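S.K.: Provide a 3D model corresponding to the input given below.
(2 chains)
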Amino acid sequence: MGEQDVSGRDGDKLERASSAGDRPKWDNKAQYLLTCIGFAVGVGNVWRFPYLCQIYGGGAFLIPYLIALVFEGLPLLYLELAIGQRLRLGSIGVWNSISPYLGGVGVSSMMVSFLVSVFYNTLLAWVLWYFFHSFQDPLPWSQCPVNENLTGYVEECVKSTSVNYFWYRETLNISPNIETNGSLHWWIIVCLGTAWLVVYICFIRGIETIGKAVYFTATFPYLVLTIFLIRALSLPGATDGLIYLFTPKWELLKNPQMWLDASTQIFFSLSVAFGGLIAFSSYNPLDNDCEVDAVIVGCVNSATSIYASIPIFAILGFKATSNYNSCVESNILALTNAFEIGDSNITHTNYDDWFTYLNRTDPVTVSQLDLKECDLQTFLDQSASGTGLAFIVFTEAVIKMPGSQVWSVLFFVMLFSLGLSSMFGNLEGVLTPLLDLNMVPKWMPRELFSALICLVCFLMALIFTMGSGNYWLEIFNTYVGSVPFLVIALFELIGIVFFYGTERFCKEIEFMTGRRPNLFWKVCWMGISPLLLLVVFLAYIVVQVQTTPTYPAWNPDYVNFPRTEVQPYPDWVFAICVLLATVPVLPIPIVALYRLTQPITTRQPANDNTTAFSERQIRP
Amino acid sequence: MFPLLLLLCLPPALAAVDCNTEYKNGYQVRLSIKTALGDQAYDWNESEMFLFRATIAFAMRKFNKTEAYEVSNIVVCNQTPRVSFWFIVTSPEDPAQAISKNIVEQAVRESRNRINNAFLLTDKSLEFLGIPPTLAAPIIPATPPWLIVFGVVIGAVCAGIVALLVTSFVKRRREKKAKVVPEEEDQAKGTDKAVTGETFEDRNGVYNLGFADDDRFTQL
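M.R.: As a prediction, this is how the structure comes out:
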């Protein structure tokens, strides 16, 4: 056994040496790890995980989250890193090599990566817009603009808040519903162009430039999160937010929706099934220890989520306290003015006493004042996730902090770095398979090809710069960024376990790293992970089918404005949603059927010019 | 004699215009000194009230340049501990006649800034109920600041792209030249080493030296 190993390894040295010259490779292990971590750690770690933690009772949410990480996330990660490293191709080539019937999995990965790239960079365009506007004093979202005759503020802004107005009106200029397209907004197009140019400059020389860019984009967010943590902990009300976040509500563990959300969060957070991780690990030397890498990437990703939620919630606690104080102060002012009590006689501390006294003596006047009900819990419950957290809630908190411009700049640069490093993985999942398949004409240099891909993505993303752009982005986010990945990951596991064989796969890994994966991994690959994925997939479908698809629309003419108007999707829009969820996974059955219908004689063996499975090496 | 006494009594009686009955021409003022100034708050007393009446008289003079308003023309009533009170402005020629609300409003709006500064207060802490503050016209700079930041960022990025593309192009040309030179040397020396220059571009596989086609180039 040992001799076989040695001859296998020696025989492969020539292969390794010559193939290493063809394929680009990482300058060092740190670049590779930072790139994978950067890909996995994205904006979702900052604006989705804290929200989930909050609505599912803080500490209790960590239990299903960590269980899902160990039994679903890590095995999938290990699998992808291992096959990429072994077969040294992008996603399409890899799955073609494993089994010709599974070639569709690679094509699906590429298609979803492409669709995600298109809408993900639009988020970065919005982040850039806010970043550009953070260099003003005062911050533009801190005040309402004045109307034409300088007598008051713009009505839409007064009814909602200045932060909401800046996001919905001045940034998005959002239309009242998804059917009203509005026009293309030049300012967003400009930001979108900038975002794509930044992505392109990092992609120019492939991993040579990416590897250098990740030194900044993967590490800077941690620095900013630490700075925010230190600052946030000194703000008043921070501890309220943290207590609220981490107080576990154990009874929610009985809620299946919580387990579903934990599994899907882990899954999408780790960015498996994009093909990007396969591409990144394909540039590794063959004897790299991918097991340790997988564990590192998975654990760092989850640790980042937990670490990020601390400053986020400290700041949200501060914001809730500020809002509560403002509420009480407006009540105090109303009482003071109505009863002509001395200025500053009523304070926060004696407000309740004064209120009971005044209510007893003159209840009519008090009821006419229409005092607001001020409850800190209500303000803490105002949770938001996604763009709402970053562009509405957080920006509102920032304007209350002294030195707002600095915090705003730091926050948006952090978001941009997080998103940019994820974009590397997204685009790499598109570029690497195309380059490996030699679909690029010989005369076209790599730089031009990358530019073309970026240009195509930019042109497609112009949809999101229209008035209804935000609604379309939510559709893409919900329907592309969910079901297709579950299906692809399921087929990846099925492919390895049933088509390729777990034993054979373990032997390949032993050939690479020198040690066999232990029982835990095998049990996960063969049983637990596919089962978990299947359950999650089915539960997800069931939940989606039961809820009628609606979306929150920002309509100034709505009766209950500033609340968002919940509108159902029109039929043609819903048809597009279904298409977005199903078309990317269609290549899987199509390619399988195509290969099946090819006559046996014309079926080619897997293209193994650049690969060498250890068994074939031994055969003469 | 008696009519003379009556006549003498009349002007003072007429002069005492009670702002209680002249609500339609009066304005309510509300000050929030402690909230605005905190520790440096001053007490509201008769002297402060005198200053207020003087500033309103000043505002009226400034607005209506012909009339010479005096402090006595500003009549104050209904003071409360809040601190709030009502005031009306009477005409200097005829102290029995109150100046109409519109004129007072315009006068106050014109000099609002001066009135505020006299008391170290703002539009919010020195309220004239019914007179909306004139919001400062927003300062619109020639170029929106965000475009400047955008210009800097995009300039840097474009410069970087151009630099990287140019260096890649130059490097590739240099490599091509370097490959051509040893190719010619091999030809000249007549070695049977395979030409490996072309195959670096070939991504399709590994060039196996054992199968080099060394008959391709005739030896000199």
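S.K.: for residue 123, give me the pLDDT.
M.R.: Picking chain A for this. We have a pLDDT of 94 for A:Leu123.
S.K.: not quite, I wanted chain B
M.R.: At B:Asp123, the model reports a pLDDT of 83.
S.K.: A:Ser113 - nearest residue in space that isn't next to it in sequence?
M.R.: Take A:Ser113 and drop its neighbours on the chain: the residue closest to it by C-beta to C-beta, 6 or more residues apart in numbering or on different chains is A:Gly429, 3.4 Å away. In this view, the C-beta of every residue, glycine as well, is placed from N, C-alpha and C.
S.K.: could you count how many residues lie near that neighbour?
M.R.: Applying other C-beta atoms under 10 Å in any protein chain shown, we find 30 residues neighbouring A:Gly429.
S.K.: buried residues in the helix or strand where it lies?
M.R.: Counting by DSSP states H and E, the element that carries A:Gly429 is helix A:404-436. For helix A:404-436, the neighbour count (16 or more other C-beta atoms under 10 Å in any protein chain shown) marks A:404-405, A:407-433, A:435-436 as buried.
S.K.: can you give me the pLDDT of the residue nearest to A:Ser113?
M.R.: Note for A:Gly429: predicted pLDDT of 92.
S.K.: A:Leu115 versus that one, what's the distance?
M.R.: 11 Å (C-beta to C-beta, to the nearest Å).
S.K.: with A:Ser326 instead?
M.R.: According to C-beta to C-beta, A:Ser326 stands 42 Å off from A:Leu115.
S.K.: against which helices or strands is the longest helix seen in chain B packed?
M.R.: Ranked by residue count and defined by DSSP state H, the top helix of chain B is helix B:145-189. Applying 3 or more C-beta pairs under 8 Å, 6 or more residues apart in numbering or on different chains; DSSP states H and E, one finds that helix B:145-189 contacts helix A:103-132, helix A:186-203.
S.K.: name the residues of the stretch 151-300 of chain A found near chain B, please.
M.R.: Residues of the stretch 151-300 of chain A lying close to chain B by C-beta under 8 Å from any C-beta of the partner chain are A:151-153, A:190-191, A:193-194, A:197-198, A:200-201, A:204-205, A:209.
S.K.: out of the residues you listed, who has the most neighbours?
M.R.: A:Cys191 (26 neighbours).
S.K.: these two touch, right, it and A:Trp126?
M.R.: Yes: here A:Cys191 reaches A:Trp126: they are 7.2 Å apart, a contact under C-beta atoms under 8 Å.
S.K.: A:Met439 looks like it's in a strand, true?
M.R.: No: read with DSSP: H, G, I helix; E, B strand; the rest coil, A:Met439 is coil and lies in no strand.
S.K.: and it, what's its pLDDT?
M.R.: 79.
S.K.: tell me the phi and psi of it?
M.R.: Dihedral pair for A:Met439: phi -80, psi 0, per degrees, to the nearest 10.
S.K.: what do you get for B:Gln28?
M.R.: Dihedral angles for B:Gln28 - degrees, to the nearest 10 - are phi -90, psi 140.
S.K.: pretty sure it contacts B:Gly130?
M.R.: Yes: counting by C-beta under 8 Å, B:Gln28 touches B:Gly130, with 7.5 Å between them.
S.K.: what about residue 54, how many residues nearby?
M.R.: Here I'm looking at chain A. A:Gln54 - counted by other C-beta under 10 Å - has 23 other residues nearby.
S.K.: my bad, chain B
M.R.: 15.
S.K.: swap in A:Asp370?
M.R.: For A:Asp370, using other C-beta under 10 Å, the count is 8.
S.K.: which ones are touching residue 90?
M.R.: In the absence of a named chain, chain A is used. Contact analysis of A:Gly90 by C-beta atoms under 8 Å, 6 or more residues apart in numbering or on different chains lists A:106, A:110, A:275, A:278-279, A:282, A:429, A:431-437.
S.K.: switch to chain B, please.
M.R.: Listed by C-beta under 8 Å, 6+ apart, the contact set of B:Thr90 reads B:Val17, B:Asn73, B:Ile74, B:Val75, B:Ala96, B:Gln97, B:Ala98, B:Ile99.
S.K.: show the buried residues in the residues you listed.
M.R.: Neighbour counting with 16+ other C-beta under 10 Å marks B:Val17, B:Asn73, B:Ile74, B:Val75, B:Ala98, B:Ile99 as buried within the contacts of B:Thr90.
S.K.: with A:Pro248 as the reference, measure out to the nearest residue to A:Thr247 once chain neighbours are set aside.
M.R.: What sits nearest to A:Thr247 in space, not counting adjacent residues and going by C-beta to C-beta, 6+ apart, is A:Gly58, at 5.2 Å. Going from A:Gly58 to A:Pro248 by C-beta to C-beta gives 5 Å.
S.K.: neighbours of the residue lying closest to A:Trp250 once chain neighbours are set aside, just the number please.
M.R.: Distances taken as C-beta to C-beta, 6+ apart put A:Ala60 closest to A:Trp250, at 5.3 Å, once the chain neighbours are dropped. Neighbour count for A:Ala60, taken as other C-beta under 10 Å: 20.
S.K.: repeat for B:Val181
M.R.: Applying other C-beta under 10 Å, I find that B:Val181 has 9 neighbouring residues.
S.K.: do A:Lys400 as well
M.R.: The burial count for A:Lys400: 16, using other C-beta under 10 Å.
S.K.: read off the pLDDT value for B:Ala136.
M.R.: pLDDT, B:Ala136: 67.
S.K.: which residues in chain B form helices?
M.R.: B:2-15, B:33-37, B:46-63, B:101-110, B:112-118, B:145-189.
S.K.: counting neighbours, which bits of the second one end up buried?
M.R.: Residues of helix B:33-37 classed as buried: B:Ile33, B:Lys34, B:Thr35, B:Ala36 (neighbour count, 16+ other C-beta under 10 Å).
S.K.: cool, thanks, signing off.
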